[in-house]
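Asker: Predicted model follows, preceded by the sequence.
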Protein chains: 2
Amino acid sequence: MYSNVKLHEINAKMESLKLAFNQYQDISLSRRITCMHDIGNRLLKNKDELVKIAMQETHLPAARLLNELKRTVFQLTSYADTCKNGYWMDIRIQIPTEKNKPVIKKMNVPLGPVLVFGAGNFPFAYSTAGGDTACALAAGCSVVVKAHPQHAATSTAVAKIIDEAIKENNMPPHLFMHVHVTDLSLVKILVMHPVIKAVGFTGSYTAGKQIFDWGNSREQPIPVFAEMGSTNPVYILPGKMKESAETYAVELSKSILTDAGQFCTKPGIIVIQNDDYAGTFIKTLQEKINDAIPVSMLNEGIYQNYELKKKLSTDQKEVKKISTTTQSNEPLVGTALLTSITAKEFMANKILRQEVFGPYCLIVLCNDINEMKQVATQMEGQITCTLGATIKEAEQQKELLKILQSTCGRFIFNGVPTGVEVCPAMQHGGPFPATTYSMFTSVGADGIKRFTRPLAFQNVAEELLPDALKEINPLKLWRLVDDQYTK
Amino acid sequence: MYSNVKLHEINAKMESLKLAFNQYQDISLSRRITCMHDIGNRLLKNKDELVKIAMQETHLPAARLLNELKRTVFQLTSYADTCKNGYWMDIRIQIPTEKNKPVIKKMNVPLGPVLVFGAGNFPFAYSTAGGDTACALAAGCSVVVKAHPQHAATSTAVAKIIDEAIKENNMPPHLFMHVHVTDLSLVKILVMHPVIKAVGFTGSYTAGKQIFDWGNSREQPIPVFAEMGSTNPVYILPGKMKESAETYAVELSKSILTDAGQFCTKPGIIVIQNDDYAGTFIKTLQEKINDAIPVSMLNEGIYQNYELKKKLSTDQKEVKKISTTTQSNEPLVGTALLTSITAKEFMANKILRQEVFGPYCLIVLCNDINEMKQVATQMEGQITCTLGATIKEAEQQKELLKILQSTCGRFIFNGVPTGVEVCPAMQHGGPFPATTYSMFTSVGADGIKRFTRPLAFQNVAEELLPDALKEINPLKLWRLVDDQYTK
């Protein structure tokens, strides 16, 4: 039903993708916006059907899928809308002060055709019409999506809707393409294909790193923006514990358990000091994990991987299981698990720093603030780091804050890492191995920049400039003229 | 005299560099600015001495070196000054519209210690206190410079001045480090060292690509911003030829010959149509190349490389020598050379697309506009592309413009590619193989972004925020608040 793309078809498809990219350059920003809104509207119009298909493939409940679909539409439309003020275009205009110097104008232009990998954990929001596709279309790029095999029907259904919108809006016919590929050697051929100028990926470290390496080994290397996982450590200081051990434990338990912990920002490690209030905190967390309602995981692959990683973690003899959910007869229920370990033991065992994708959390018990800092120093790059603390004690722990901030893309104070707002201020991407390019985000309209590069126009006549750079600023875009931002 | 760094010293040096990076984070932006200005002032104060040393090492004339030194100081001070309005920090502030949503604020923060390779062709402007160092210091990074061996004394003298300024301004003692390394295995150790978070390089493709590959092969890959060369093709349409064959030829000859063509933006290929006016153009260019005053090249390495690459080009049997400078008795004079070839022959021979760094230019003769477009399509990534055309004919050749713009970082209309303005609107960096990251520039204050990454602060109390993100905007930086840029 979802026939795989064949080797002999790839070149022709890529040529179409390239042609569509070239044609897309001639289409106005306002038409770009309209088309993306239309994709969004059509997704909403077909929401019942889409959710139904996704439920058959993923074990996700209707409410979560509907929410995810709405988020997908919000991404598409809000990223499209940023084309109206164009802040991600980084327009700079230099009016020369000396007479014989040229006028130079710069703006971000699209990089070229983009390859997007559908993500296993978000059948809508990070797949076919998801964040990467929305960014690439907003940037002015054509897109080929490799469907995730575990929600291939959902991907196909979404792709059909995009195709309809593209046709209806008279966009280049192959602006968007959708392929099913399971053979790894064909996946490699796609990544290595000279037409492809960037790749967006969300998934495992193993797959992400492989694609990143392929991208770098090309004759013309390309950026592979891979988001590859994060344990999202939460550090809690004694003052905060004293103030709200119980309520914070409840809050964090929700963050661990919601949607069976299948978020890239789920807190997987909680680092605390082993004092009296910590007891209350742990006890509450144990109760909440124990009471957790069994939730089927997204799909077979994610379930198997969760059980495997969980076992790997608990196989380490220092790790103590301290609370778990009762077994369930539902299919693919990865039981929630809370474990603990001393800081010393944690630091001696690299395996425990790995992400366990699902409702799993490891509490690391420190003797004092110094041990906490040692743990923090050892941590690899993360999407998020969270600090639970009173303002006063956080002010006294500037060094810890520095360490945490140096290892993550988003620093959260007294909150939980799940819940990734789609807004311009969001940073979703941290130092390696969380992502391959910490300089870019995959959530929020700044993510559009991943698929652009700056192009300077020197001494170019008005008639030949893109509208974005014309003197009267006909598109009313934000532009840095000398030292001032103006519209 | 310039003792090489030893293997056993590297770890200690790197630890100092890391410590200095951490300490630098606590120092205010205004002190950062003051220190960079002080480095600039001290360079100017010592200009006579510095130029003298550089003349002994490089064969560059005093006037050029003095100009280059002034440019270096302008880079340092103008990049420092952008810390006052901070547009490169890309600050975004999101005030939530719903009550239970957090405040998120984002800004670019420094990436970590940076390794800078001194460039052979710019002993001041792209070496010790050059563009990469200025960007890294402005970003908030500590810097280790690997001196270029062919101007090691100049590099040492500049480093001493930087050290003095750092001491005088009470900056962290090892904020700036300077090492002499000639052993390739030690160079690799520097690039691979976990403390290093980014690399800046300007030089040959072979060296740049090697360093880029090392950076990607690290356990934690890092960006290697390498500028590796460009032929900066100039395309001239018949209307422009008719209008100003002679004057444009004169202008281009200067661009080819100035400073013995030792600029990364020297036009190395001129693509024209073989018509009557082209004859006048070629004749003028021949005369100018023939009359060129012999200029000693920068150093032995550059001279040898020029002669080698020139020979490689002229060894191709289709290439016709059409004008050359008379030999000179001065040392290291790479004689200027103008050659020509038909478009068909040019397209059949990849060797001719290579950069010949020096006063060399190849004229490619096309039969018509279609052949011109074919040549343009074949070209690899470039720092610049130039189009000579009347406005009217350029408007009729939209496809050619698109091809040219898609392969370069800076598009010049009726001008010459040399003369790289240091300003916010400059883009100096093009698609691979011109540079490794076309998304970044190495000239202009946006180059600071190469050494930063975005960090989001979620729900963080005023007291714990960096000044740049505090509510009252005490530093008066440009910030995108919701959809509006404000100060």
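Answerer: Great, that's in hand.
Asker: can you pull the contacts of A:P173?
Answerer: For A:P173, the contacting residues are A:S16, A:A20, A:I166, A:K167, by Cβ atoms under 8 Å, 6 or more residues apart in numbering or on different chains. For glycine as for every other residue, the C-beta is placed from the backbone atoms N, C-alpha and C.
Asker: tell me which parts of the stretch 251-400 of chain A are close to chain B?
Answerer: Counting by Cβ under 8 Å from any Cβ of the partner chain, the residues of the stretch 251-400 of chain A close to chain B are A:E380, A:G381, A:I391, A:A394, A:E395.
Asker: wait, the third one sits on B:E463?
Answerer: To tie it back to what came earlier, the one meant is A:I391. Yes. If you go by Cβ atoms under 8 Å, A:I391 and B:E463 touch, sitting 5.5 Å apart.
Asker: who has more neighbours, these two?
Answerer: A count of neighbours by other Cβ atoms under 10 Å in any protein chain shown puts A:I391 above the other of A:I391 and B:E463, at 16 against 10.
Asker: Quick one, grab the pLDDT at the closest residue to the more buried one other than its chain neighbours.
Answerer: Distance criterion Cβ to Cβ, 6 or more residues apart in numbering or on different chains; nearest residue to A:I391, sequence neighbours excluded, is B:A461 at 4.8 Å. The model reports B:A461 with a pLDDT of 97.
Asker: Identify the residues contacting B:A461.
Answerer: Counting by Cβ under 8 Å, 6+ apart, B:A461 touches A:I391, A:A394, A:F413.
Asker: Can you name the residues of the stretch 51-200 of chain A sitting close to chain B?
Answerer: Applying Cβ under 8 Å from any Cβ, we find that the stretch 51-200 of chain A lies next to chain B at A:85, A:87, A:90, A:92-94, A:96, A:101-102, A:104-106, A:109, A:111-112.
Asker: Just the C-alpha atoms of the strand or helix carrying A:K84, please, in CSV.
Answerer: Using DSSP states H and E, A:K84 sits within helix A:62-85. Extracted C-alpha coordinates of helix A:62-85, given in CSV (Å, rounded to 0.1, in the frame of the first residue of the first chain):
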residue,chain,number,x,y,z
ALA,A,62,-7.5,10.7,20.5
ALA,A,63,-7.1,13.7,22.8
ARG,A,64,-3.3,13.7,22.6
LEU,A,65,-3.4,13.2,18.8
LEU,A,66,-5.9,16.0,18.4
ASN,A,67,-3.7,18.3,20.5
GLU,A,68,-0.7,17.3,18.5
LEU,A,69,-2.5,18.0,15.3
LYS,A,70,-3.5,21.5,16.5
ARG,A,71,0.1,22.1,17.5
THR,A,72,1.1,21.1,14.0
VAL,A,73,-1.3,23.6,12.5
PHE,A,74,-0.1,26.3,14.9
GLN,A,75,3.5,25.7,13.8
LEU,A,76,2.6,25.9,10.1
THR,A,77,0.5,29.0,10.5
SER,A,78,2.7,30.9,13.0
TYR,A,79,5.9,30.2,11.1
ALA,A,80,4.2,31.3,7.9
ASP,A,81,3.1,34.5,9.6
THR,A,82,6.6,35.4,10.6
CYS,A,83,7.2,35.8,6.8
LYS,A,84,5.1,39.0,7.3
ASN,A,85,7.7,40.7,9.5
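Asker: Please identify the buried residues of it?
Answerer: For helix A:62-85, the neighbour count (16 or more other Cβ atoms under 10 Å in any protein chain shown) marks A:64-66, A:68-73, A:75-80, A:82-83, A:85 as buried.
Asker: Please apply the same query to stretch A:401-418.
Answerer: A:401, A:403-418.
Asker: picking up where we left off before, average model confidence for the helix holding A:K84?
Answerer: Per-residue scores along helix A:62-85 average to 97.
Asker: That helix packs against which elements?
Answerer: helix A:29-45, helix A:47-58, helix A:131-139 (3 or more Cβ pairs under 8 Å, 6 or more residues apart in numbering or on different chains; DSSP states H and E).
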